[in-house]
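*Asks:* no sequence for this one, just the structure:
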Ligand SMILES: Cc1cc2nc3c(=O)[nH]c(=O)nc-3n(C[C@H](O)[C@H](O)[C@H](O)COP(=O)(O)O)c2cc1C
């Protein structure tokens, strides 16, 4: 693992909790031991507990305390989230987590977090009633599903004389989480990752089409995770209601032929292809340019097969690591392995829709990842974002060892 972080910039957000006194020592270690360039933001509540002076001294910079100071400050509400490698909120109150979960940006720190998105890591510290309140738990869960990081609190005696979970994690635990998060954000740096997502629509006339139930959620989750790990991401998507990660390049297509064209144009230099799109296997032989009237509709539909995009892509780019996806029920493992071999993919994820929470139009996924060299890994039921993280982790680890 990398040990020098001299070229890394982070923003340290301080919120209004008793544990803030521990953040002074932490800041020293972030600067002196890890060599990080740290900018500090304090909320109004944080300043009731401590003054900025000590943090100014340890960071070597003026501490940001206001959104609208008298002096001109340009767009630092964006810069301090966009141009840094990590936003560490320590201590993180229940309030800042709630604001982040709901997109509230009513002071400098919450605005910076909204800009930084899933680059944010919260070190939680609060009374155990606040922590265990289902509202706080739901907020944490919601952010975790979007890739935000959390350092859970430890259990023990709390400043408010309660006992339970709520104490800020130890300094070493927080430093380790920062190191891990920073190295994570570089794992795919310099790599071009192409992700296909969603269904395709194969038109019979200008309004009628053949399609399938794919929502695009799996592909969008992989795209978000790959962005977070530093990749240049091109997301080629059929119709979907999902939001593309802001750092990705989104190309919207409709038919299998349009998706093929986008792959030809953008896939030549790809290092990874995640082929999650449910490319419709069949398409009408003829497409009417306008809506057919009822009496013009054929009694039976002449169809033809769509091209196999993975096999074609392999010929176009012989070095790319191709991860194919296969939805199969009966004899699914054998059929998926066969697909991987005949299409020239390096990995295949077999989804069995008979398994609860798996595959189409769900928020979760579970599956079996298989490699061309015969190795396989069970990917347990998880949100699609966590499934994506686990999938990338297994593939990168396997390729490092290969
Ligand atoms: C003495 C005292 C200690 C507090 N400690 C915490 C704490 O550890 N965690 C927390 O979530 N809120 C704590 N609060 C409540 C927050 O300060 C309050 O919710 C505030 O609005 C948080 O604002 P901020 O998130 O913008 O910093 C404490 C309040 C007081 C008066």
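*Replies:* Ah, there it is. Note that this is a predicted model, so its numbers are computed, not measured.

*Asks:* pLDDT below threshold where in the stretch 151-300 of the chain?
*Replies:* Across the stretch 151-300 of the chain, nothing is flagged by pLDDT under 70.

*Asks:* quick one, helices of it?
*Replies:* Taking DSSP state H, counting those that start in this stretch to define them, one finds helices in the stretch 151-300 of the chain at 171-184, 217-228, 256-266.

*Asks:* Quick one: list the elements packing against the last one.
*Replies:* The one in question is helix 256-266. Packing partners of helix 256-266 (3 or more Cβ pairs under 8 Å, 6 or more residues apart in numbering; DSSP states H and E): strand 192-197, strand 232-237, helix 309-316. Where you see a C-beta, it was placed from the backbone N, CA and C, and this is true even at glycine.

*Asks:* if we go to 7 Å?
*Replies:* Helix 256-266 sits against strand 232-237, helix 309-316, with contacts defined as 3 or more Cβ pairs under 7 Å, 6 or more residues apart in numbering; DSSP states H and E.

*Asks:* which one of the ones you listed is the most hemmed in?
*Replies:* Highest mean neighbour count of the helices and strands packed on helix 256-266: strand 232-237, a mean of 25 (counted as mean count of other Cβ atoms under 10 Å).

*Asks:* Now do the residue nearest to residue 311 when sequence neighbours are not counted: how many residues are near it, please.
*Replies:* Distances taken as Cβ to Cβ, 6 or more residues apart in numbering place residue 343 nearest to residue 311, at 4.8 Å, with adjacent residues excluded. Neighbourhood size, residue 343 [other Cβ atoms under 10 Å]: 19.

*Asks:* Pull the contacting residues for residue 343.
*Replies:* Residue 343 is in contact with 308, 310, 311, 314, 324, counting by Cβ atoms under 7 Å, 6 or more residues apart in numbering.

*Asks:* hang on, the earlier thing: distance to residue 111 added to the helices and strands packed on helix 256-266, as JSON lines?
*Replies:* JSON lines is the format used below for the helices and strands packed on helix 256-266 (distance: least, Cβ to Cβ, whole Å):
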{"stretch": "strand 232-237", "distance to residue 111": "25"}
{"stretch": "helix 309-316", "distance to residue 111": "41"}
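
*Asks:* what is the mean pLDDT for stretch 90-109?
*Replies:* Mean pLDDT, computed over stretch 90-109, is 98.

*Asks:* buried sites along it?
*Replies:* 90-101, 105, 107-109 (16 or more other Cβ atoms under 10 Å).

*Asks:* next one: stretch 108-115
*Replies:* So for stretch 108-115, counting by 16+ other Cβ under 10 Å, buried means 108, 109, 110, 111, 112, 113, 114, 115.

*Asks:* near the ligand too, which of the residues you listed?
*Replies:* When Cβ under 6 Å from any ligand atom is applied, no member of the buried residues of stretch 108-115 is adjacent to the ligand.

*Asks:* Which of those residues fall in helices?
*Replies:* Counting by DSSP state H, the part of the buried residues of stretch 108-115 found in helices is 108, 109, 110, 111, 112, 113, 114, 115.

*Asks:* Adding distance to residue 171, write those residues out as TSV.
*Replies:* Below are these laid out as TSV (distance: Cβ to Cβ, whole Å):
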residue	distance to residue 171
108	25
109	21
110	25
111	28
112	23
113	22
114	28
115	27
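
*Asks:* Pick the one among the contacts of residue 343 closest to the ligand.
*Replies:* residue 324 (45.3 Å; Cβ to the nearest ligand atom).

*Asks:* Can you name the residues that contact residue 38?
*Replies:* Applying Cβ under 7 Å, 6+ apart, we find residue 38 in contact with 10, 12, 27, 30, 31, 59.

*Asks:* Could you check which helix or strand contains it?
*Replies:* Assigned by DSSP states H and E, residue 38 belongs to strand 37-42.

*Asks:* list the helices and strands the next helix or strand after that strand packs on?
*Replies:* Next along the chain after strand 37-42, taking DSSP H and E as the criterion, comes helix 46-49. Taking 3+ Cβ pairs under 7 Å, 6+ apart as contact, there are no helices or strands that helix 46-49 lies on.

*Asks:* Residues in contact with helix 46-49: which ones?
*Replies:* Helix 46-49 has contacts (Cβ under 7 Å, 6+ apart) with 14, 15, 16, 18, 20, 65.

*Asks:* among these, which are in reach of the ligand?
*Replies:* Answer for the contacts of helix 46-49 near the ligand (Cβ under 6 Å from any ligand atom): 15, 16, 18.

*Asks:* most neighbours, which of the residues you listed?
*Replies:* residue 15 (29 neighbours).

*Asks:* Would you quantify the distance from the nearest residue to that one once chain neighbours are set aside to residue 18?
*Replies:* Of all residues beyond its chain neighbours, the one nearest residue 15 is residue 93 (4.3 Å), with distances taken as Cβ to Cβ, 6+ apart. Separation of residue 93 from residue 18 (Cβ to Cβ, to the nearest Å): 10 Å.

*Asks:* Repeat that for residue 345.
*Replies:* Residue 345 is 54 Å from residue 18, by Cβ to Cβ.

*Asks:* Show me what from this protein comes close to the ligand.
*Replies:* Applying Cβ under 6 Å from any ligand atom, we find that the chain lies next to the ligand at 15-19, 43, 45-46, 93-96, 125-126, 130.

*Asks:* One more pass at 8 Å, please.
*Replies:* The interface of the chain toward the ligand, taken as Cβ under 8 Å from any ligand atom, is made up of 14-19, 43-46, 48-49, 91-96, 99, 107, 109-110, 125-127, 130, 159-160, 166.
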